[in-house]
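S.K.: Predicted model and sequence follow; I will ask about them next.
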Amino acid sequence: MKGLLLTTITFLPLLGALIVLWMREEQKQALRVLTLLFLSANFVLSLFLWFGYIPPAKLPSVQSGMLFLVQVDWIASLGVQYYLGVDGLSLLLVMLTTFLGPLTLLSSWSSIQERVKGFCFALLVLQTGMLGAFLALDLFLFYVFWELMLIPMYFLIGIWGGKRRIYAAVKLLLYTMFGSLLMLVAILYIGIQHGTYDLLKLYETATFTQTEQFWLFLCFGLAFLIKVPLFPFHTWLPDAHVEAPTAGSVILAGVLLKMGTYGLLRFAMPLFPQALMQFTQPLMVLSVIGILYGALVAMVQPDIKKLVAYSSVSHLGFVMLGLLSLNTPGLQGSLLQMVNHGLSTGALFLLVGMLYERRHTRMIADYGGIASVVPIFTIFFMIATLSSIGLPGLNGFVGEFLILIGTFSVNKIYAKTYAIVAGVGIILGAVYMLWMFRRVMFGPIERPENQEIADLNKREIGVMLAVTVLMIWIGVAPRTVMQKTDASVQAFLQHMQRVQHRVVAGATPRSVVAEATPRSKRIATPVPAVGVRRVLDASMPSQKTAKADR
Amino acid sequence: MFDTAIWAAITPKITLASFGALAPALALIVTAILLILFVSFRVERDIQIFITFVGLGVAAFLLWAIGFHRFPEVDPAYAAKQAISYVEVDAFTRFFHLLFLVIAAATCLLSIRFLTIHQRPVGEFFALVLFATVGMMALVAARDLLMMYLALETMSLTTYVLVGFLAPEKRSIEAAIKYFLIGATGSAIFLFGIAFLYGATGTMHFDLIGQLAADTVFGTARAPSGYFMLGATFLLAGFAFKVAAVPFHMWAPDAYDGAPTPITMMMAIAVKAAAFAVFARVFVVSLDLGGKNWLAMVLLILSAATMIWGNLAAIAQRDLKRLLAYSSIAHAGYMLMALVARDELTLAMSSLRFYLFVYMLTTLGAFTVLLIFEHRNSSALSIDDFAGLASRYPVSSAVLSLFLLSLAGIPPTAGFLGKWFVFSAAIKSGAIVLAVLGVITSLVSVYYYTRVIYTMYMLPSPPDAATNAEPAPYPYEQRLSISLAALILLVGIFPDSIAAFTQRGNLDPIAKKSVAALRLQREQIARRIPPLRTSSPSTLTPPRPLPRAHPLPTPRTEPLRRTEPLRRTEPVRRTEPLRRTEPVRRTEPLRRTEPLRRTEPVRRIEPSVPARPQPRPLVPPVVRAVAPASLPALRPLPAPRPLPTARERLPSSMPALPVVLPSNRPNAPTTRAVVPTSRPLPVSPSPR
């Protein structure tokens, strides 16, 4: 019965899409209402998930944190199962997805007037693809959902996008497909080697030689890092964001980018721990480069949307850094930052979309002084900007702070250096966001058109209010969110610690074993952390015990 | 004078039931002849169409019905006794027969309106299609090179005519001439290959050639002669022509482009499937030399080249029909991948069939939509003309997009699963590089398939285009395409029943009778040749042999040469015991024996060896002390052992892992003691 909940959440949007398919193109309002109904119902359903997810306080393994499991044989000839489950790592992202779903539709209520049917269809299928990818516990199933969400996104950008929409859509498609096709080979290889695609079983039993780990991690990692996007693979992102319609941008920034970091967390890191060790250092360097590069490039953008897009590169660098630090504050911070980025960047894209709908330009230079014309808009824009910067009291602060703590408490000089450099990235973030805000909002009104901009209507205020409430809530009471993830994070770290010693007999070079020792000590004592304060207190003794071990 | 008894013994008994296996093909022949008669007696067109579909229906029924009956030809024991069965129908064959019938029906169905528009007669066209189908059915059922050639020509000649059916249209004539010339060249090469193979082996029967090939691999006959390899290579080239593999593909785009669209569809699916089926049979049954050899290498290169060039060239195409032609070349590359992976025979052959089945559904659907557009646009099918088509033809565009996504292999369509099966066969058989190449070329294909999609959906309609919604003048084409699209999604999400269907029956790498004959032959040879006394695989002999006091008793040259190919043979590699030898090979038992060799006692023995009176001078004790693997052969010696051997110094608790090494000599010792891998070998106590 509990398994039914996940199945319903995943496939309810698809059901809606099928119903939409049978409606006529002319019934625009009916189409929108129906889609909104399905997306909202899905959000309400996922609230049951949120309140129903109460894991035991101490988890012996990652598997035991998985609740609401549903496991049915799907394709017997391939050994593929229909296997869904949710744990602390995916719960937040599922909630984020269902929360943003209705908002994206509401934001495009008036801006999308052509081919409404196709738009609603794409939005609903996309929702199913994203939710399925977050919930799937079978590699094959995951891959199917992973690809399923790509096609609607391609159409969203390509049909309802801006001038260079086809270029952006094809670029998105090819970049992402390149990574995922390599991942396909890796999944096939794992399936053939171990005879199962069951992720939880693979957690327990899978052993790979060093060479296998290297290549498999590379294949999986490339797919996810392109999606994140990490620094050298990020070039599709600005194009896609700028050309996408508002709904596309919000989903892209809010959910799709998280798919990459979530994939690393769920698949690449726990399955190939030794390869992760090899790659940690370069990946951390790339994350830091991404943070600085994204911030610096964002600073000089004349286009608001492109600026926000590049800020995503910077923010996702933080998330990567937190993941790679592999300790409690780092991971907690990363999980929280994924949600935060979804909310604040999503809010920014929503606002930019609203502005564009009124003035049909996104150039910073075209605005100036509109704060007095659109006061409500300005308030929301201000809150979203500050949240993106990481002002204490808003959500952005908690995540970035935890990540920096996590990175800094890694007992390596280089990690501490990265934490410091990333801290500079936060300052740069404040610079480009506030500078942009000043140029758009304050100063004299130079263009007469700007006098006539209408302020937000009730629908838009409702959308923004929902996001803002959540931003403030997470900023003030992050405990309420983190207590859902805490047990799973601990279980994840314990799993990482356990599998790092699972060396394939006779095939692992000695150097890897030697390298494994210090890192395992680093995460030797999992920190029971609920809330920022306790993390701070607890992370210090963990360092001491690590030193005492030597 | 005429001894009926002898005659009866050497000829198979041909009864009416013997034709039963080919009953579907016979039904088609009867229908085709009837059609020709109808044409000459000017029977009404509708009746001609009717009789065609009745014939196809009867054939399908017969195909279904004979599934319940075992015909003498199907019975391997019967075939083994006669050894001259030229045609056999097994589950593998029946799968393809079904596929051909479906395609023949679809071709006829789709060409009715096409022929009306182009004002061509129906009867001859349908008769030719049926004859081509008969050729394909016979081709797949053939068990003999000559039969195969006849069937191939039946198929090809009718197809040449069909390609040129729109004459005197210039494109059609050009396509037909080009196809005919190049196809005839291919046939000639084919025939050349057959001649060489016949010369090298003295037989044309697939199984007998396969037996000979197996013999050469098993080492009971001489290595494959140059003629054999030459013939096989020619045959390979001939098949490459027929399946349009790069670099033998040049005819395909032009022929596909110029042919009537239903015929293009038939060529892209049925002709290709028929060629692939017999290709697979010949290369699995007859020409599989096992492991890495010249043919396997060529096959691999063909597959890689076809995938790369087929996909790259498709990018440049501006015409949907040509694009589909190149894409069908590219798909031949993926199907060749299944042939490359034939070490994993069951998986490879089922994946080939699954891929062909999915490819049939998808390509059929794509061509159906193409025909809908073609009828509208009077055969101008430039992709640029598709701009904004989605707003005018919403259903057809959506369906075509689905087909193209399936061809690109994007889940949850069936095309994805087809690629999944083929890639997993390739990876399982070790061709990971080829799988990666396939994946990357798939990415290229995503580009050109989606180009069609975005032209339809994302580009604005040209201003002069009619703005009306999709007209429905082609109900059955449209219904066919929609149901195919639904089928593709259904197979993509629930593939189990289709997968089970494609796994039914398989090719025998060497037919059962050949194996029986081979065993007999081996026993005879074994009786003649005395068993060898040397330890066989070189991995067990020390790298630096100790100086031997005496030469080994048996001459080593001849037997060793013979044992060498053992490891390469196909069936042996698949047996359970051999897989167990792998860890043995990896553990390097030699390094572990080194301390043994270095220990004091042994070194102390050495000088004493010549001093002792030897009971059997032929077996030096040094050999006994060093190579534990050779011990079992030495153990029966009655002589008293003056010194402890290596084997005796091992603790008795250590189990000796029995590893059965394959041997073609039954008398040879098959169980040898091998140092177990998991435990460290105890080093003998130091002299201190």
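M.R.: Structure received.

S.K.: Which part of the stretch 201-350 of chain B gets nearest to chain A, residue-wise?
M.R.: With Cβ to the nearest Cβ, the shortest gap between the stretch 201-350 of chain B and chain A falls at residue B:350, namely 8.8 Å. Using the backbone N, CA and C atoms, a C-beta is placed for each residue, glycine as well.

S.K.: you'd agree that residue is up against residue B:503?
M.R.: Yes - with contact defined as Cβ atoms under 8 Å, residue B:350 reaches residue B:503; the gap is 4.3 Å.

S.K.: Who has more neighbours out of those two?
M.R.: A direct count of neighbours by other Cβ atoms under 10 Å in any protein chain shown for residue B:350 and residue B:503 places residue B:350 higher, at 25 against 18.

S.K.: residues contacting residue B:29?
M.R.: Neighbouring residues of residue B:29 by Cβ atoms under 8 Å, 6 or more residues apart in numbering or on different chains: B:130, B:131, B:134.

S.K.: Which helix or strand contains it?
M.R.: helix B:23-40 (DSSP states H and E).

S.K.: Contacts only, for residue A:246.
M.R.: Taking Cβ under 8 Å, 6+ apart, we find residue A:246 in contact with A:104, A:107, A:108, A:111, A:349, A:350, A:352, A:353, A:354, A:356, A:357.

S.K.: hang on, the earlier thing: am I right that the residue of the stretch 201-350 of chain B closest to chain A falls within a helix?
M.R.: Yes - counting by DSSP: H, G, I helix; E, B strand; the rest coil, residue B:350 is located in a helix.

S.K.: picking that back up, name the residues of the helix holding residue B:29 that are buried.
M.R.: Across helix B:23-40, burial judged by 16 or more other Cβ atoms under 10 Å in any protein chain shown covers B:23-29, B:31-32, B:34-36, B:38-39.

S.K.: Quick check: of these, which lies closest to residue A:52?
M.R.: residue B:24 (58.6 Å; Cβ to Cβ).

S.K.: wait, what's in contact with the closest one?
M.R.: B:59, B:60, B:62, B:63, B:66, B:97, B:101, B:137.

S.K.: These in helices, which ones?
M.R.: By the criterion of DSSP state H, membership of the contacts of residue B:24 in helices covers B:59, B:60, B:62, B:63, B:66, B:97, B:101, B:137.

S.K.: quick one: which of those is nearest residue B:427?
M.R.: residue B:97 (30.6 Å).

S.K.: residues in contact with that closest one?
M.R.: Taking Cβ under 8 Å, 6+ apart, one finds B:24, B:25, B:63, B:89, B:137, B:140, B:141 in contact with residue B:97.

S.K.: repeat for residue A:298
M.R.: A:306, A:307, A:308, A:310, A:311, A:313, A:314, A:432.

S.K.: what about 7 Å?
M.R.: Residues near residue A:298 by Cβ atoms under 7 Å, 6 or more residues apart in numbering or on different chains: A:307, A:310, A:311, A:314, A:432.

S.K.: With adjacent residues omitted, what lies nearest to the second one?
M.R.: It refers to residue A:310. Counting by Cβ to Cβ, 6 or more residues apart in numbering or on different chains, residue A:310 lies nearest to residue A:298, which is 3.7 Å off, once chain neighbours are set aside.

S.K.: Mind listing what's buried along the one helix or strand the one you found maps to?
M.R.: Here residue A:298, judged by DSSP H and E, is contained in helix A:273-299. Neighbour-count burial for helix A:273-299, counted by 16+ other Cβ under 10 Å, picks out A:273-280, A:283-284, A:286-288, A:290-295, A:297-299.

S.K.: Output the below-cut-off pLDDT ranges for the chain.
M.R.: Unless you meant another one, I'm taking chain A. A:1-3, A:501-550 (pLDDT under 70).

S.K.: switch to chain B, that's the one I care about
M.R.: Using pLDDT under 70, chain B drops low at B:1-19, B:68-85, B:214-224, B:289-292, B:377-380, B:463-474, B:506-688.

S.K.: Those residues of it touching chain A, which are they?
M.R.: Residues of chain B found near chain A (Cβ under 7 Å from any Cβ of the partner chain) are B:405, B:410-412, B:423-424, B:427-428, B:435-436, B:439, B:442-443, B:446-447, B:450, B:454, B:457-458, B:495-496, B:499-500.

S.K.: residues near the residue of the stretch 51-200 of chain B found nearest chain A, how many?
M.R.: Closest approach between the stretch 51-200 of chain B and chain A, counting by Cβ to the nearest Cβ: residue B:95, at 15.8 Å. Using other Cβ under 10 Å, residue B:95 is surrounded by 21 other residues.
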